[in-house]
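Trainee: Fold the stuff below for me.
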Amino acid sequence: MSGLTTMLLNKVKDRVDAECESGSISGSERILSVIAGGFILGSGIRNVIHSPLNAVTKLTLGGALVFRGIRGNCPIKKIIDSKIPEPDKIEIVEHRYFVK
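Mentor: This is a model prediction of the structure:
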């Protein structure tokens, strides 16, 4: 890539990361959300005339995934994480027996 393209991509990435510092989604999960959402959005746009109900569903889901990936946090994931209790400490004692 050229220096200008790299600089612009880094600037956009820094801006998105600055807004998502407290996000609970990892970088790879964000990238996959944007890519999957883009494919679903594209599929929804192609099906608007043939199957409007299916298209609206795809547009909604794809838009939500793209928004989730760009924003960097997911309120649904936050709710699920808060409902799951922290596991108690489990102490594992290992005994080794040597047999001759």
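
Trainee: Just the buried residues of the host helix or strand of residue 29, please?
Mentor: If you go by DSSP states H and E, residue 29 is part of helix 27-46. By 16 or more other Cβ atoms under 10 Å, the buried positions in helix 27-46 come out as 29-30, 33-34, 36-37, 40-41, 44. C-beta here means a position set from N, CA and C on the backbone, and glycine is covered the same way.

Trainee: what's downstream of that helix, the next helix or strand?
Mentor: helix 52-71.

Trainee: now that next one: how far from the chain's centre is it?
Mentor: How far helix 52-71 lies from its chain's middle: 13 Å, per Cα atoms, centre = their mean, to the nearest Å.

Trainee: counting contacts, what elements does that helix pack onto?
Mentor: helix 27-46 (3 or more Cβ pairs under 8 Å, 6 or more residues apart in numbering; DSSP states H and E).

Trainee: tell me which of the buried residues of helix 27-46 is nearest to residue 66?
Mentor: Residue 66 has its nearest neighbour among the buried residues of helix 27-46 in residue 37, at 3.7 Å by Cβ to Cβ.

Trainee: which one is the closest one nearest to, not counting chain neighbours?
Mentor: residue 65 (3.0 Å; Cβ to Cβ, 6 or more residues apart in numbering).

Trainee: quick one: contacts for that neighbour?
Mentor: Each residue near residue 65 by Cβ atoms under 8 Å, 6 or more residues apart in numbering is listed here: 33-34, 36-37, 40.

Trainee: can you list those residues in JSON lines and add pLDDT?
Mentor: Shown next, in JSON lines, are those (pLDDT from 0 to 100):
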{"residue": "33", "pLDDT": "90"}
{"residue": "34", "pLDDT": "92"}
{"residue": "36", "pLDDT": "94"}
{"residue": "37", "pLDDT": "93"}
{"residue": "40", "pLDDT": "95"}
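
Trainee: Distance to residue 10 added to these, as JSON lines?
Mentor: Below are the contacts of residue 65 laid out as JSON lines (distance: Cβ to Cβ, whole Å):
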{"residue": "33", "distance to residue 10": "21"}
{"residue": "34", "distance to residue 10": "17"}
{"residue": "36", "distance to residue 10": "24"}
{"residue": "37", "distance to residue 10": "23"}
{"residue": "40", "distance to residue 10": "28"}
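
Trainee: Perfect, that will be all.
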